[in-house]
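>>> Fold the following.
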Amino acid sequence: MNETLVYSVGGLVALLVAVLVALPATRKPTLAALVWACMLVRRAWWWLRFRITWKGLARESGLSKRRTKRVKRMGVGEESIEKWRDPRLKRVITSSHSVTLKVRTRRGQALADLEAFAPKLAATYSADSYRVYPAKRRAGSTVMFELVMRDLITKPATASMPEPRMQTSSVLLGRRQSGKPFHLQIEQRHTLVVGASGAGKGSFLWGIVGSLSPAIAVDAVRAYGIDLKGGMELTMGAPLFTKIAVKGEQAVEMLQEFVAIADARTEELRGVSRNHKPGPGDPLYLLLIDELASLTAYADPEIRKEAERLLKRLLSIGRAVGVVVVAFVQDPRKEVIDMRGLFTQTIALRVRSAMETNMVLGDGMAAQASAHRILKAAQGTAWIIDEDGSTDRVRADYWPDELIRQLASLYPATPDLVTISDAAPGQLPGMPLSLADGGVR
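Predicted coordinates for the structure are as follows:
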């Protein structure tokens, strides 16, 4: 095997030297061709490396099983024959930045054994990150390992103006670790976003509101906000919201209003449709809660008790009738938020420990989605669980204040009917805003 590896490396080096000799680097097209050739050489090297070293790694890591058999040979007597049973590497797929392995279990091996092997595999080949997901065919015995060899989401990206079209089902928030766009489902989902202070929760919050702003302007979405930190976050884009609550009593009133809307829609849709489809005049009601713990853990006991009751009720009935909640919190512990299980999708930004990763994403997920290892400088980076149960690393784009103000000015939510509870016009950043005492559309 070592001899084969040497010959392979030699062949790749010879190919690269041939390219360098044949293409004098004097013009831009030639330099571009050289970069392209180097990328091909790198991909070929990755393919060869994984193909050649797979069996040895599987045996050293305990994935393979050694079987010793004694046979009788004429004139020799008994002889021991050693035979290995290895997980089968069915396919190696390379790209400019990643390697994907398709592996099938050996006989007598559980799929969980391969999934647990992913961290060792990534560390052995010095991958920046990895994800594990089931194969499309024979998902019960075959698994896909995607190893990110060059991290494409290291550098932050700044959000841009959303496309001027009504979109309510999902929103574009940023990029996946594969470089593909990251869309987050909004309809039919209650979402919990967890991250330590400075982890980038604002990128998710404004990514959701900003991407929905064209739908807000045509009354296909009505966004409400609860910001018990004095409105510091949500009032930056106040005209995008129908109503913002900045005190505990106002938050309880808003939750009562949402529960009433959900109950009314349930009566309206019963026997007609199991799911609400939003449109102009029949909107998706979106409740954003910035720092959920301020409402469920740190508020006055009476407010906390009533808010928890209403929120649990809303999370139980609102999803199908077009009333959804997106909540943000720093601390996922049960004594801070005991309704984690009612959220249909969870997102883990940088958290403090593997235990918190498991709290957010589920038991045992810290080994597959290491949110506790996200760097402090990587704001907006998070781990998610896709529809097929696989994990993926994403990074939400950054939304500057100027862009939020522009969106609020371009796509206001009927400004004459917007309420910012107990806030004076001079306290609101951005553009002028009509205030009403309790008026909602």
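
>>> Hmm, residue 349 and residue 193 touching each other?
Yes. Counting by CB atoms under 8 Å, residue 193 does reach residue 349; the two are 6.8 Å apart. Placement of C-beta: from N, CA and C, glycine included.

>>> who touches both of these two?
Common contacts of residue 193 and residue 349, defined by CB atoms under 8 Å, 6 or more residues apart in numbering, comprise 201, 204, 382.

>>> Columns neighbour count on top of those residues, output as TSV?
Below are the shared contacts of residue 193 and residue 349 laid out as TSV (neighbours: other CB atoms under 10 Å):
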residue	neighbour count
201	25
204	27
382	31
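
>>> Kindly indicate which of those lies nearest residue 229.
residue 201 (12.1 Å; CB to CB).

>>> per-residue confidence for that closest one?
For residue 201, the pLDDT comes out at 94.

>>> From residue 328, how far out is it?
5 Å (CB to CB, to the nearest Å).

>>> what sits in contact with each of the two?
Residues touching both residue 201 and residue 328 by CB under 8 Å, 6+ apart: 193, 195, 290.

>>> now the residues you listed as JSON lines including neighbour count, secondary structure and pLDDT?
Listed next are the shared contacts of residue 201 and residue 328 as JSON lines, based on neighbours: other CB atoms under 10 Å; DSSP: H, G, I helix; E, B strand; the rest coil; pLDDT from 0 to 100:
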{"residue": "193", "neighbour count": "26", "secondary structure": "strand", "pLDDT": "96"}
{"residue": "195", "neighbour count": "28", "secondary structure": "coil", "pLDDT": "95"}
{"residue": "290", "neighbour count": "23", "secondary structure": "strand", "pLDDT": "92"}
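
>>> can you list those residues in CSV and add distance to residue 297?
Below are these laid out as CSV (distance: CB to CB, whole Å):
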residue, distance to residue 297
193, 17
195, 16
290, 14
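
>>> Residues contacting stretch 261-274, please?
276, 285, 314, 317, 318, 320, 321, 322, 323.

>>> Without its sequence neighbours, what residue ends up closest to residue 197?
Ranked by CB to CB, 6 or more residues apart in numbering and with sequence neighbours excluded, the top spatial neighbour of residue 197 is residue 330, at 5.9 Å.

>>> Run a quick neighbour tally on that neighbour.
As a burial measure, residue 330 scores 19 neighbours (other CB atoms under 10 Å).

>>> my guess is it contacts residue 292, does it?
No. Under the criterion of CB under 8 Å, residue 330 makes no contact with residue 292, lying 9.0 Å away.

>>> Among the shared contacts of residue 193 and residue 349, which lie within strands?
Members of the shared contacts of residue 193 and residue 349 lying in strands (criterion: DSSP state E): residue 382.

>>> quick one: stretch 369-383 to chain centroid distance?
11 Å (CA atoms, centre = their mean, to the nearest Å).

>>> what does stretch 280-300 give?
Its chain's C-alpha centre and that of stretch 280-300 lie 21 Å apart, by CA atoms, centre = their mean.

>>> same thing with stretch 62-77?
Relative to its chain's centre, stretch 62-77 lies at 49 Å (CA atoms, centre = their mean).

>>> Same question for stretch 333-346.
For stretch 333-346, the distance to the chain centre is 17 Å (CA atoms, centre = their mean).

>>> Can I get it as CSV, trimmed to CA atoms?
Taking C-alpha atoms only, stretch 333-346 is exported to CSV below (Å, rounded to 0.1, in the frame of the first residue of the first chain):
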residue,chain,number,x,y,z
ARG,A,333,-31.3,25.2,30.7
LYS,A,334,-34.6,23.8,31.8
GLU,A,335,-34.9,26.2,34.8
VAL,A,336,-34.7,29.1,32.3
ILE,A,337,-36.9,27.7,29.5
ASP,A,338,-38.8,24.5,30.2
MET,A,339,-40.7,24.4,26.8
ARG,A,340,-37.8,23.5,24.5
GLY,A,341,-39.6,20.4,23.4
LEU,A,342,-42.5,22.5,22.0
PHE,A,343,-40.4,24.2,19.4
THR,A,344,-40.4,22.3,16.1
GLN,A,345,-36.9,23.4,15.0
THR,A,346,-33.9,24.5,17.0
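
>>> List the buried residues for stretch 155-168?
Buried positions in stretch 155-168, judged by neighbour count with 16 or more other CB atoms under 10 Å: 156, 159, 162, 166, 167, 168.

>>> In contact with the last one, which residues?
The reference is to residue 168. 186, 187, 212, 215, 220, 221, 278, 284.

>>> Now do the contacts for the closest residue to residue 135 other than its chain neighbours.
What sits nearest to residue 135 in space, not counting adjacent residues and going by CB to CB, 6+ apart, is residue 142, at 3.9 Å. Contacts for residue 142 (CB under 8 Å, 6+ apart) come out as 90, 102, 103, 104, 105, 134, 135.

>>> before we move on, back to that, residue contacts, the residue nearest to residue 197?
Residues in contact with residue 330 (CB under 8 Å, 6+ apart) are 194, 195, 196, 197, 291, 293.

>>> and those, which are buried?
The neighbour count (16+ other CB under 10 Å) marks 194, 195, 196, 291, 293 as buried among those.

>>> Closest one of those residues to residue 180?
Relative to residue 180, the closest of these is residue 195; by CB to CB it sits at 22.3 Å.
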